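One predicted model, sequence on top.
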Amino acid sequence: MGVPRGDWVVWAACRDADPELFFYPEGERAIDKRRRDTIAKAVCARCKVFDQCSNYTNAINPKYGLWAGSTEDEREEKNKREEKNT
């Protein structure tokens with residue numbers, strides 16, 4: 001996984017948030033994961049550079065963590081739908 005590049009990163013709402021909010025610990029209970037994801041998505045929802053982050057996320061397709069308001073499972077499902085439609 002690469003490090004985001006570009007000036008937009010300094011404006012990211014997640015920059016000042018706890019990184020553990022965006023990456024689940026192994027063995028995390030489902031209810032705790034949903035709660036953490038909800039909080040992380042709220043950070044993304046108020047981000048001034050959400051569009052840039054979303055473009056970056058789509059370009060690198062990270063396997064782990066919550067990026068641009070999408071979880072690993074959501075990105076995987078989106079990728080499957082896109083593959084099916086091509």
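Cool, the structure landed.

what sits up against the longest helix seen in the chain?
Secondary structure of the chain per DSSP state H: the longest helix is helix 30-45. Helix 30-45 has contacts (CB atoms under 8 Å, 6 or more residues apart in numbering) with 13-14, 17, 21-22, 24, 28, 50, 53, 66, 68-69, 71. For the C-beta atoms, the positions are set from N, CA and C on the backbone; glycine is no exception.

List the buried residues for the lowest-mean-pLDDT helix or strand in the chain?
In the chain, the helix or strand scored least confidently by mean pLDDT, DSSP states H and E is helix 72-84, which has a mean of 92. Going by neighbour count (16 or more other CB atoms under 10 Å), the buried part of helix 72-84 is 72, 75.

Figure out how far it is from the centre of its chain.
14 Å (CA atoms, centre = their mean, to the nearest Å).

again with stretch 39-54
Mean-position distance between stretch 39-54 and its chain equals 8 Å (CA atoms, centre = their mean).

chain center to stretch 55-64, what's the gap?
For stretch 55-64, the distance to the chain centre is 8 Å (CA atoms, centre = their mean).

Could you look up the SS state of residue 25?
Following DSSP: H, G, I helix; E, B strand; the rest coil, residue 25 is assigned to coil.

Got phi/psi on it?
phi -80, psi 150 (degrees, to the nearest 10).

Would you mind measuring from it to residue 19?
According to CB to CB, to the nearest Å, residue 25 and residue 19 sit 12 Å apart.

And the longest helix of the chain, what's buried?
In helix 30-45, residues buried by neighbour count (16+ other CB under 10 Å) are 36, 37, 40, 41, 43, 44.

Which one of these is nearest to residue 80?
For the buried residues of helix 30-45, the closest approach to residue 80 (CB to CB) belongs to residue 37, at 19.4 Å.
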